[in-house]
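Asker: quick one, what's the 3D model for this:
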Amino acid sequence: MTTTREIVKRRRSVANIRKITKTMEMIATAKFRRAMNRAVGAKPYTDKIAELVSTLMTGSAQAIHPLMEENTESNRVVLLVLTSNRGLCGGYNGNIIRLANQQIKQLAEGKSEIDLRVSGKKGISALRYAGHEISHSYIDFDDKITFAQAEELADELMDLYCTKQINGVRVVYTRFISSARHDAEILNLLPIRAPVPEEADEEPLDVGIEDYLFSPTREEILSELVPVALKTELFQCFMDAVVSEQVARMSAMKAATDNAQQMIQALTRQYNRARQSQITGELLDIMGGAEALK
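Answerer: Purely as a prediction, here's the structure:
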């Protein structure tokens, strides 16, 4: 039978754990707010650049930028996996690693050569343990990633694609939708696909993209906008990953704090019952001794 001393010791230990998880929850909340402000602030710029590129590509009979052209000279695919350097964030890393393993299997079945690049210590250790060869690993892309860091990586990927060394780039990351939803997804970063026109219920406008006069030409504008759009899109992937990591850690620590509180309450009830039983036993001993002295 568990003694009151053991229950008190365990309750004190759980209370200390609750303090730690509560502190980590507060830290994750502060980081989440800062990261969300950065991500939300960059989102309109990213969307507008993508909209401009899509508008300029509409009506084009053929690809007019090297990053839009299909590369059939190589079967090498870059798979960039974005995970975290730290744990204690629920199923955040597990969902990404699971999706990355599925993608690696699909590419292998398609006879594609995989250039696996992983960001984050958790993903690096997990994918190496699974037996996958990692060509590049990054541990500097933390929650304070800058656009310059994403731009450097994007320039390297664009250079590989323009020189026909790879035929595509796919990013496995967690897309932030809201504080209650963030899903692991795969983004086809390269080649850049022309937008598929949607069927509209209303009649189209009389003025189309071909009715505009461009100065400089549309090709020259795209040559400037396409690399910028790719850089901002990659940077947005990193920002979404950072926000999703912090909100996942915040939720995990809140759940741990709530569980610790429930455990403390259960241990308190157990202690009260044990203490009551102990006092009852002591009273019975006293009464028995008093009766024996009569």
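
Asker: could you count how many residues lie near residue 44?
Answerer: Using other C-beta atoms under 10 Å, residue 44 is surrounded by 9 other residues. Using the backbone N, CA and C atoms, a C-beta is placed for each residue, glycine as well.

Asker: cool, and residue 99?
Answerer: 18.

Asker: identify each buried residue in stretch 222-242, please.
Answerer: The neighbour-count check on stretch 222-242 (16 or more other C-beta atoms under 10 Å) flags 222, 225-242 as buried.

Asker: low-confidence ranges in this structure?
Answerer: The model of the chain has pLDDT under 70 over residues 1, 58-64, 194-215, 294.

Asker: okay, residue 33 and residue 249: tell me how far apart.
Answerer: The gap separating residue 33 from residue 249 is 13 Å, by C-beta to C-beta, to the nearest Å.

Asker: neighbour-wise, which of these two wins?
Answerer: Of the pair residue 33 and residue 249, residue 249 is the one with more neighbours under other C-beta under 10 Å, namely 24 against 13.

Asker: how about the more buried one, what does it touch?
Answerer: Contacts for residue 249 (C-beta atoms under 8 Å, 6 or more residues apart in numbering) come out as 24, 28, 86, 88, 89, 90, 92.

Asker: one more pass at 10 Å, please.
Answerer: 24-25, 27-29, 31-32, 84, 86-90, 92 (C-beta atoms under 10 Å, 6 or more residues apart in numbering).

Asker: how close does it sit to residue 102?
Answerer: For residue 249, the distance to residue 102 - C-beta to C-beta - is 24 Å.

Asker: okay, residue 9 and residue 41: tell me how far apart.
Answerer: 49 Å.

Asker: now do residue 186
Answerer: 25 Å.

Asker: what about these two, which has more around it?
Answerer: Using other C-beta under 10 Å as the criterion, residue 186 and residue 41 rank with residue 186 on top: 17 against 10.

Asker: by contact count, what packs against the helix or strand where that one lies?
Answerer: Per DSSP states H and E, residue 186 falls inside strand 181-190. Contacts defined by 3 or more C-beta pairs under 10 Å, 6 or more residues apart in numbering; DSSP states H and E place strand 181-190 against strand 76-82, helix 92-109, helix 147-162, strand 168-178, helix 218-293.

Asker: for the residue nearest to residue 189 when sequence neighbours are not counted, grab the count of nearby residues.
Answerer: With sequence-adjacent residues excluded and distances taken as C-beta to C-beta, 6 or more residues apart in numbering, residue 189 is closest to residue 169, at 4.3 Å. A count of nearby residues for residue 169, using other C-beta under 10 Å, gives 24.
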